[in-house]
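> mind folding the following:
(one chain, ligands or ions: 1)
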Amino acid sequence: MTALDFSTHPRALSRVSSESPPVNAPPKSPAPRVIFHVDMDAFFASVEQRDHPEYRGRPVIVGSPPDQRGVVCAASYEARKFKIHSAMPSRTAGRLCPHGVFVRPRMDAYRAESAAIMEILRSVTPIIEKVSVDEAYLDLSTAFENHAAADAALEAALPVAQEIKRRIATERKLTASIGVAANKFLAKLGSDFRKPDGLTVIRERDKVDFLRPLPVRSIHGVGPVTAQVLEAAGFRTIGDLQSRDADLSDLVGSFSESLKARALGIDDRPVETDGERKSISAENTFLVDTDDRPTLRGVLRELALDVAHTLGRHGLGALTVQVKVRYSDFTTLTRQVRVEDPVTDVREIYRLAQFLLARDRLVKSPLRLLGIGVSTLVPPDRNQLLLPL
Ligand SMILES: [Mg+2]
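Numbers count the residues shown, from 1 in each chain. Alright, predicted model coming up:
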């Protein structure tokens, strides 16, 4: 396939399918798609355990030390058993797991590791969407287009997934979980299904059954708030959404259509190869330069609220939070922190921003401007989504 061969390019296909067909067009025959979701297992913590054998088997918490103001960036599986998760204050993590191994993040090491892993993935297909430092979708549809049946194509792709896992294990000494399915939604559920070191295929003929028992919050975009609304109306499992004819739009507004589609395992979103994603930011220029802490805290809270609302409107979470300060002499500094689970919540954004200001002592003289930005925007999955209800 060449780059100009739009007839077989998966993005071209998806674009067509997302528009309403011309009135006299023949019914489109759905081309089988083969999508992988590759997700590294507890990535930051696993890199630390690989590089420090003495950490293996122990609860590793990547982030600030527990006796300092700061946050958890990532937790190993051993630490997760203590209910530790990213964006949690380190002090809380220290209380939950007093014997945890607290490790300062080494973002340069994780970025280098990420590049090496993406290199492996890119050797499989150039149609790759890097979702975050440790996660990517691959579109292998064209490689298996000779299989007429969707499930035959998925089966045929399995050895490729096994080979990716083998190469990551032998070359990088890390484990990945992979989901194989006909779309991104199912592939992502697949990678999450048997973590760590999992490989799950969700066949088209099995997808409705696979989805049926899962809680409604397994659908991306359904956070705790939406889940509560759905559950209160009797929709506890995805099966409840599949079998009933009820009008979900009363409950979840414009989200209802994609919610119903997801419940049936339908997702036409293309694998987006242009990795650059937009960012969201808010900033405030002070009338009079200030280093008054209560004033700055108040403004920081408003900025966090602003950013959280915009994220909520777009149904997104952020993996990177950034602060920006400008001093009286117009010197401008930015600092950012990366977390493992997407943040959507105003308190989490505020806490991370405050952590950055404190960590690097950015308020060393009066500020002319203060800003918060978020980037690496992803579906919020496990986090709360502020849906317009
Ligand atoms: Mg991961």
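
> most proximal residue of the stretch 101-250 of the chain with respect to the ion?
The shortest separation between the stretch 101-250 of the chain and the ion is 4.4 Å, found at residue 134 (distances taken as Cβ to the ion). From N, CA and C alone the C-beta is placed, and that goes for glycine too.

> quick one, what contacts that residue?
Residue 134 is in contact with 39-40, 43, 110, 114, 117, 340, counting by Cβ atoms under 8 Å, 6 or more residues apart in numbering.

> so which of those residues are in strands?
Here DSSP state E is the test, and the contacts of residue 134 give 39-40, 340 as lying in strands.

> one step back: can you read off the pLDDT for the residue of the stretch 101-250 of the chain closest to the ion?
With respect to pLDDT, residue 134 scores 94.

> give me phi/psi at it?
Backbone geometry at residue 134, expressed as degrees, to the nearest 10, gives phi -130, psi 20.

> returning to that earlier point: quick one: which of the contacts of residue 134 is nearest residue 194?
Ranking these by separation from residue 194, with Cβ to Cβ as the measure, puts residue 39 on top at 11.4 Å.

> ok, that closest one - contacts?
Residue 39 neighbours (Cβ under 8 Å, 6+ apart): 134-135, 176-179, 188, 191-192, 195.

> and it, how far from residue 358?
Counting by Cβ to Cβ, to the nearest Å, the gap from residue 39 to residue 358 is 32 Å.

> same thing with residue 256?
Applying Cβ to Cβ, the value for residue 256 to residue 358 is 43 Å.

> quick one: is the top helix by length along the chain near the ion?
As assigned by DSSP state H, the longest helix anywhere in the chain is helix 150-172. No. No part of helix 150-172 sits near the ion under the criterion Cβ under 5 Å from the ion; the closest distance found is 12.2 Å.

> renumber starting at 281 from here on
Okay, residue one is now 281; in that scheme the one you just asked about reads as helix 430-452.

> downstream of that helix, the next helix or strand is which one?
Beyond helix 430-452 on the C-terminal side, the first helix or strand identified by DSSP states H and E is strand 456-461.

> export that next one as CSV, just CAs?
Listed in CSV are the C-alpha atoms of strand 456-461, where the atom choice follows Å, rounded to 0.1, in the frame of the first residue of the first chain:
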residue,chain,number,x,y,z
ALA,A,456,3.2,-5.3,27.7
SER,A,457,-0.5,-6.3,27.5
ILE,A,458,-2.1,-6.3,24.1
GLY,A,459,-5.7,-6.3,23.0
VAL,A,460,-6.6,-7.4,19.5
ALA,A,461,-10.0,-6.5,18.1
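
> what sits up against that strand?
314-321, 397, 434, 437-438, 441, 444-445, 448, 466-483, 487.

> quick one: that strand to helix 430-452, angle?
Here strand 456-461 runs at an angle of 170 degrees relative to helix 430-452 (axes from the mean of the first three to the mean of the last three Cα atoms, to 10 degrees).

> and the next helix or strand after strand 456-461, how far out from the chain middle?
Counting by DSSP H and E, the next helix or strand C-terminal to strand 456-461 is helix 464-473. Per Cα atoms, centre = their mean, to the nearest Å, the displacement of helix 464-473 from the mean C-alpha position of its chain is 12 Å.

> now do stretch 605-620
24 Å.

> pull out the buried residues from that stretch.
Along stretch 605-620, these residues count as buried under the neighbour rule (16 or more other Cβ atoms under 10 Å): 605-607, 615-620.

> narrow those to those in helices?
Filtering the buried residues of stretch 605-620 for helices - DSSP H - leaves nothing at all.

> what about those, which are in strands?
For these, membership in strands holds for 605-607, 615-620, with DSSP E as the criterion.

> from those residues, which two are the most distant?
Based on Cβ to Cβ, the longest span within these runs between 607 and 620 and measures 32.1 Å.

> what ranges of this protein fall below the confidence cut-off?
Low-confidence segments of the chain (pLDDT under 70): 281-310, 524, 526, 554-558, 660-669.

> just the closest of the buried residues of stretch 605-620 to residue 367, please.
residue 619 (5.2 Å).

> next one: phi and psi at the residue nearest to that closest one when sequence neighbours are not counted?
Here the nearest residue to residue 619 in space, its sequence neighbours aside, is residue 366; by Cβ to Cβ, 6 or more residues apart in numbering that works out to 4.6 Å. When quoted as degrees, to the nearest 10, the phi and psi of residue 366 stand at phi -70, psi 150.

> interface residues of this protein facing the ion?
By Cβ under 5 Å from the ion, the residues of the chain that approach the ion are 319-320, 323, 414.

> tell me which stretches of the chain form strands.
According to DSSP E, the chain carries its strands in the segments 315-320, 340-343, 352-355, 381-383, 408-412, 415-419, 456-461, 479-481, 560-570, 597-607, 612-623, 647-658.

> what pairs with the last one, parallel or antiparallel?
Taking DSSP bridges as the criterion, strand 647-658 forms sheet pairs with strand 560-570 (antiparallel), strand 597-607 (antiparallel).
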